[in-house]
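K.L.:
no FASTA, just this:
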């Protein structure tokens, strides 16, 4: 019997994934990763938090209900180093980080995989909506986007071949309403209608400036709002409070709609423009992880996705060292340094991805 360690978040997705693994005949062991301990229980319950004390309690109940062992392991140090410190460092540098992607690579996969090897497990599993396939031309494993609104392939682009080879996605492309129905009616799980996690788990109130001030132990440094020509427009409350494309929350009126176009960390300035100036066709992507291909020899037509909610758009990419140069067929809005760009082939399989630079 194959042994599987499944990451139990306390939510309905991982609960049903564990149930399906057990039904398929696997020896299943549930692990909840303790990565953030300080939480307001009311906020966590409202937001569907996946990382705190209430989540661990929900996961314990699910595992008991399914008749599988459950353990809570302390991953707080690696989470702080690879996710929280990275998040704060990126904002201080004027970039917009994606902590969930970092968490997937270094905590939910690598650290959990190391622990599963200690436990002599054959696989790890999660409740992600994605599918692992083998590319018929290259022989490499890759992730295929699933055809529903819950597809999570974008957040998994930086998994390695070794990680993919030992990973299972039991719920695959199961529709969410079908999954909740299964959880409620057939399995009888109390988390069947638990809300999905909506915010960054270690900032449940979604107040990024407050978090950054607490992290660095000082107030964010104020600076100038400027237009594209460098003319001062007013004062901002710190570059960590803004991201590319933002309109709301600027804290002052300009007589016309203005949007964040650029964050100049070196000079402490936030550049504002009209909406039209946010569109661009070109971007460079660094820190690239190749998935279906082991690098590119020639230009390649594909589809590029520049944020989780973005509809992948036709583009041409080429490799220059370990960077990708991308040209979209049509200009895309608010290409944001620090965010991830993921490139797919015509079948929806990940080619590669990296960080927009």
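P.N.:
Arrived safely. Remember, it's a predicted structure, so these values are computed and weren't measured experimentally. Numbering: from 1, shown residues only.
K.L.:
and residue 327, what helix or strand is that in?
P.N.:
Assigned by DSSP states H and E, residue 327 belongs to strand 323-333.
K.L.:
helices or strands up against that strand?
P.N.:
Counting contacts by 3 or more CB pairs under 8 Å, 6 or more residues apart in numbering; DSSP states H and E, strand 323-333 is packed against strand 279-290, strand 300-305, strand 313-320, strand 340-344, strand 350-356. From N, CA and C alone the C-beta is placed, and that goes for glycine too.
K.L.:
Show me which positions of it end up buried.
P.N.:
Neighbour counts over strand 323-333 (16 or more other CB atoms under 10 Å) mark 324, 326, 328, 332, 333 as buried.
K.L.:
quick one on the thing from earlier: which one, of the helices and strands packed on strand 323-333, ends up nearest to residue 109?
P.N.:
When those are compared by CB to CB, strand 279-290 sits nearest residue 109, at 12.1 Å.
K.L.:
For the closest one, enumerate the helices and strands it packs against.
P.N.:
Packed next to strand 279-290, using 3+ CB pairs under 8 Å, 6+ apart, are strand 323-333, strand 350-356.
K.L.:
from the buried residues of strand 323-333, which is closest to residue 295?
P.N.:
The closest of the buried residues of strand 323-333 to residue 295 turns out to be residue 324 (CB to CB; 10.4 Å).
K.L.:
who's in contact with that closest one?
P.N.:
Residue 324 makes contact with 284, 285, 286, 288, 296, 317, 318, 341, 343, 352, 354, according to CB atoms under 8 Å, 6 or more residues apart in numbering.
K.L.:
redo that, cut-off 7 Å
P.N.:
285, 288, 317, 352, 354 (CB atoms under 7 Å, 6 or more residues apart in numbering).
K.L.:
ok, back up a step: any idea how far the strand holding residue 327 is from the chain center?
P.N.:
Offset of strand 323-333 from its chain centre (CA atoms, centre = their mean, to the nearest Å): 21 Å.
K.L.:
List the strands paired with it, with their directions.
P.N.:
strand 279-290 (antiparallel), strand 313-320 (antiparallel) (DSSP bridges).
K.L.:
now the first one: mean pLDDT?
P.N.:
Spelled out, it's strand 279-290. Mean pLDDT, strand 279-290: 97.
K.L.:
for the last one, same thing?
P.N.:
Per-residue pLDDT values over strand 313-320 give a mean of 97.
K.L.:
Need the contact partners of that strand.
P.N.:
Against strand 313-320 from outside (CB under 7 Å, 6+ apart): 295-296, 299-304, 324-330, 332, 343.
K.L.:
for residue 92, phi and psi?
P.N.:
Dihedral pair for residue 92: phi -70, psi -30, per degrees, to the nearest 10.
K.L.:
which ones are touching it?
P.N.:
Counting by CB under 7 Å, 6+ apart, residue 92 has contacts residue 240.
K.L.:
in the chain, which helix or strand is least confident?
P.N.:
Within the chain, confidence by mean pLDDT, DSSP states H and E is lowest for helix 41-47 among all helices and strands, at a mean of 46.
K.L.:
tell me which residues in the helix or strand encompassing residue 5 are buried?
P.N.:
Secondary structure assignment for residue 5, by DSSP H and E: strand 3-7. If you call a residue buried by 16+ other CB under 10 Å, then strand 3-7 has these buried ones: 4, 5, 6, 7.
K.L.:
what bridges to the last one?
P.N.:
To tie it back to what came earlier, the one meant is residue 7. With DSSP bridges as the rule, residue 7 is bridged to residue 31.
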